[in-house]
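Q: Mind folding the following:
(chains A and B)
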Amino acid sequence: MWEYTEKLKDHFFNPRNVGEVENPDGIGEVGSLACGDALKLTFKLDENGKIAEAKFKTFGCASAIGTSSVLTEMIKGLTLDEATKLTNKDIADYLGGLPEQKMHCSVMGREALEAAIENYRGGGKKKHELEGTVVCTCFGVTDKEIERVVIENDLTTVEEVTNYCKAGGGCGGCQGEIEKIIEKIQGEKVKEVPVPAPRRTGKMTNIQKIQLIQQTINEQIRPALRAHGGNIELIDVEGNKVIVAFRGMCAQCRLTELTMKDVVEAKLREFVSKDLFVEEDKESAQQPHNHRE
Amino acid sequence: MKTVYFDNNATTKVAEEVLEEIKPLFCDLYGNPSSMHTFGGQIGRRIRQSREQVAGLLGCDPSEIVFTGCGTESDNTAIKGTLAAAPNRRTVITTRVEHPAVLAVCRELENHGYTVIELSVDKQGRLDIAELEEQLDDDTVLVTIMYANNETGVVFPIEDIAELVTSKGAIFHTDAVQAVGKIPLNLSKSNIDLLSLSGHKLHAPKGVGVLYVRKGTRLSPFMLGGHQEAGRRAGTENVPGIVGLGKACELAAENLEVENNKVKALRDKLEKKILQKCPDCRINGDPDNRLPNTTNISFEYIEGEAILLMLDKYGICASSGSACTSGSLEPSHVLRAMGVPFTAAHGSIRFSLSRYNTEEEVDYTIEKLPPIINQLRELSPFVTK
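A: Below is the predicted model of the structure:
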């Protein structure tokens, strides 16, 4: 069970400002059913340009609902310039903290607020435009959004980024890219992560080489393929020739076959030996018996 | 506040009769059954008795019962022990809807060069036996398929599957953690080679499980050490757990009828009334082949964790397949394998009953739940009024 603060529970069980403001000045909609949470924020300004009324509608867990409710209270009476300065950390702090895995709820609140303000300033632009390029395709998170949570919350690991904005929490295929973004921003601060596969420079015995190839496939290649419904099998190693078979999605994906082979080859050259080359086992590829939908 | 416990697929109350049975085993009869003295040796008799009680419920020989530490250990032992005893075959077949105690073990096998085939299920959570038959070949060493699904309660035709698998020369294991005590079993007349069960799912204490090993099935031990369990599982016996499990199995055998009549009637009432009173909800799983105690209902446009917390305020305990309850960001792998749309998967709630539940509890829940659903839907941006 999650450890929620009393304040959050209060806002979950007794949410304030539920609904939609009539004839709103700004509308912000973020999230989706597929993502597991979504928030629609509407506000109206008074004659001095301050937020007079704010309402929300939220689909999501207790912390998503509690966070939305608190947000509407926090922004009341603020000018739009003041509201723009609000960070997800301010929202979480106001609640007395959120469980780490739920920090993305506070980010969703800030994003909805931003979208609503943008909507107002853009003269009723309907949708919150995505800025930057999408990094996490599972949850539709862009590099700009990731950069922002990293900077605002001083994040240093992929896991933290996932907790804060969900990026990397689906198939996991973009975790490498997230790592690069963190590195770019945090530089020295990023803790040295030990390389999982030891790189051998000296001469390996055949057995050591084969084991290292298997280990590299297990740790570096299979997880990414699995995430897309595919798989890879090590069939044999003959000298520097590595024979593999692709299963599932990868086996049927004729167009990407070449690229797949190249990716595997690059990984094996990086982690095992630069002399290796990869061949696909044609015979077993014709019977993709590990087929998945 | 009164607790209404509808989460019996997660764990169950220890039966009072079971507790009475094991009480003396802590401070009075605490001997080690392996000891030479009478004080310890007499405990061996209690374990023998328990073995007979478990065998009675399963319809097998007591010598085919191996006590373990939990259901997960039984599953691990069955899978890894079978593979170790048959090193020449390299394919394992399982399903996409298994409990992690099986699925995670199978996926890890791929790292050791095994081919693992995960069978898919249809929209109602049913397997396609023809697909299994197609996949079985002379490289298949083990097929492991659960008896009944913990999330939806869907029961697979395990006897037919066992017959098919063993006729092709592979070993068949079933994780029957949710089925034992709810579905009558007679393993002496079945083709099942290995079967896992867990004590705390049938009113015994936590920390004890069983692996049924059909006579003649080759299995390498998972835990090495002393000679306990005829060398099949080393480690000093969890005497109170084992004795409690024996008693619980005896009670389960007596209560099989109750489970299938009274509990099923309560479940049906709960399910029917919820569907009547709450619009836009659906049952997940094959209604014709389901455990008598389980219902899994999706409430569209709202999220499971929020429903659970609101129920919790009234002391009603249930569980959800939503992403938020698991700490991961994706909803239940079982519901996703069934192709349940995201809209419904996030709002899925499982109620699992036991013989200790009453009609009042069902009525109380039917009264409290619909307003919760309405309240959350009023908050939801996907419901327009």
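
Q: can you pull out the strands in the stretch 51-200 of chain A?
A: A:51-59, A:134-136, A:141-142 (DSSP state E, counting those that start in this stretch).

Q: actually the stretch 101-250 of chain B, sorry about that
A: B:115-119, B:140-144, B:171-175, B:194-198, B:209-213.

Q: B:Thr68 is nearest to which of those strands?
A: Ranking the strands of the stretch 101-250 of chain B by proximity to B:Thr68 (CB to CB) places strand B:209-213 first, at 4.4 Å. Yep, even glycine has a C-beta here, placed from its N, CA and C like the rest.

Q: Please name every helix or strand in contact with the closest one.
A: strand B:65-68, helix B:71-85, strand B:194-198 (3 or more CB pairs under 8 Å, 6 or more residues apart in numbering or on different chains; DSSP states H and E).

Q: returning to that earlier point: export the strands of the stretch 101-250 of chain B as JSON lines, with columns for distance to B:Thr72 and mean neighbour count.
A: What follows is the strands of the stretch 101-250 of chain B, written out as JSON lines (distance: least, CB to CB, whole Å; neighbours: other CB atoms under 10 Å in any protein chain shown):
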{"stretch": "strand B:115-119", "distance to B:Thr72": "18", "mean neighbour count": "20"}
{"stretch": "strand B:140-144", "distance to B:Thr72": "13", "mean neighbour count": "24"}
{"stretch": "strand B:171-175", "distance to B:Thr72": "9", "mean neighbour count": "29"}
{"stretch": "strand B:194-198", "distance to B:Thr72": "8", "mean neighbour count": "29"}
{"stretch": "strand B:209-213", "distance to B:Thr72": "8", "mean neighbour count": "28"}
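
Q: can you list these in TSV and add mean pLDDT?
A: Formatted as TSV, the strands of the stretch 101-250 of chain B follow (pLDDT from 0 to 100):
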stretch	mean pLDDT
strand B:115-119	94
strand B:140-144	98
strand B:171-175	98
strand B:194-198	98
strand B:209-213	98
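
Q: quick one, which of these is nearest to A:Glu118?
A: strand B:115-119 (44.4 Å).

Q: Please enumerate the helices of the chain.
A: Picked chain A for this. Using DSSP state H, the helices of chain A run over A:6-13, A:62-75, A:80-84, A:88-94, A:103-121, A:143-153, A:158-165, A:175-186, A:206-216, A:222-227, A:249-252, A:257-271, A:282-285.

Q: that's the other chain; I wanted chain B
A: B:16-22, B:24-27, B:38-58, B:71-85, B:100-109, B:129-135, B:158-167, B:239-258, B:264-277, B:304-313, B:323-326, B:333-337, B:342-345, B:359-379.

Q: which stretch in these has the least confidence?
A: Ranked by mean pLDDT, the helices of chain B end with helix B:323-326 at the bottom, a mean of 66.

Q: Up against chain A, what does the stretch 201-350 of chain B have?
A: B:301-306, B:309-310, B:313, B:322-325, B:327-331, B:342-343, B:346 (CB under 8 Å from any CB of the partner chain).

Q: With the stretch 1-150 of chain B instead?
A: Going by CB under 8 Å from any CB, the residues of the stretch 1-150 of chain B near chain A are B:110-111, B:113, B:115-118, B:120, B:135.

Q: Quick test: name the residue nearest the centre of chain A.
A: In chain A, the centroid-proximal residue (CA atoms, centre = their mean) is A:Ala167; its distance is 0.5 Å.

Q: can you list the helices of chain B in TSV and add mean neighbour count?
A: Listed next are the helices of chain B as TSV, based on neighbours: other CB atoms under 10 Å in any protein chain shown:
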stretch	mean neighbour count
helix B:16-22	17
helix B:24-27	12
helix B:38-58	18
helix B:71-85	23
helix B:100-109	18
helix B:129-135	14
helix B:158-167	18
helix B:239-258	22
helix B:264-277	17
helix B:304-313	22
helix B:323-326	22
helix B:333-337	21
helix B:342-345	20
helix B:359-379	18
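
Q: Show me which residues of the stretch 1-150 of chain A are close to chain B?
A: Within the stretch 1-150 of chain A, the residues that sit near chain B (CB under 8 Å from any CB) are A:2, A:12-13, A:15, A:18, A:29, A:33-34, A:36-40, A:57-65, A:101-102, A:139.

Q: could you redo the last one with a cut-off of 7 Å?
A: By the rule CB under 7 Å from any CB of the partner chain, the part of the stretch 1-150 of chain A lying against chain B is A:12-13, A:15, A:18, A:33-34, A:36-38, A:40, A:57-62, A:65, A:101.

Q: Now a PyMOL select for only the buried ones of those.
A: In PyMOL, a selection of the buried entries from the residues of the stretch 1-150 of chain A next to chain B looks like this (16 or more other CB atoms under 10 Å in any protein chain shown):
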select buried, chain A and resi 12+15+18+33+34+36+37+38+40+57+58+59+60+61+62+65+101
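
Q: what's the spacing between B:Leu29 and B:Gly44?
A: Here the criterion is CB to CB, to the nearest Å. By it, B:Leu29 lies 11 Å from B:Gly44.

Q: I'd like the helices and strands packed on strand B:209-213 laid out as TSV, including distance to A:Glu238.
A: Listed next are the helices and strands packed on strand B:209-213 as TSV, based on distance: least, CB to CB, whole Å:
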stretch	distance to A:Glu238
strand B:65-68	43
helix B:71-85	26
strand B:194-198	38
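
Q: Among those, which comes closest to A:Ile51?
A: The nearest among the helices and strands packed on strand B:209-213, by CB to CB, is helix B:71-85 at 52.6 Å.

Q: what's that closest one packed up against?
A: helix B:100-109, strand B:140-144, strand B:171-175, strand B:194-198, strand B:209-213 (3 or more CB pairs under 7 Å, 6 or more residues apart in numbering or on different chains; DSSP states H and E).

Q: Which one, of the ones you listed, ends up nearest to B:Glu361?
A: strand B:194-198 (24.2 Å).

Q: for B:Thr140, which residues make a bridge with it?
A: Assessed by DSSP bridges, B:Thr140 has beta-bridge partners B:Thr91.

Q: Of the residues of the stretch 1-150 of chain B next to chain A, which is the nearest to B:Gly235?
A: Closest to B:Gly235, out of all of the residues of the stretch 1-150 of chain B next to chain A and judged by CB to CB, is B:Asn111, at 26.7 Å.
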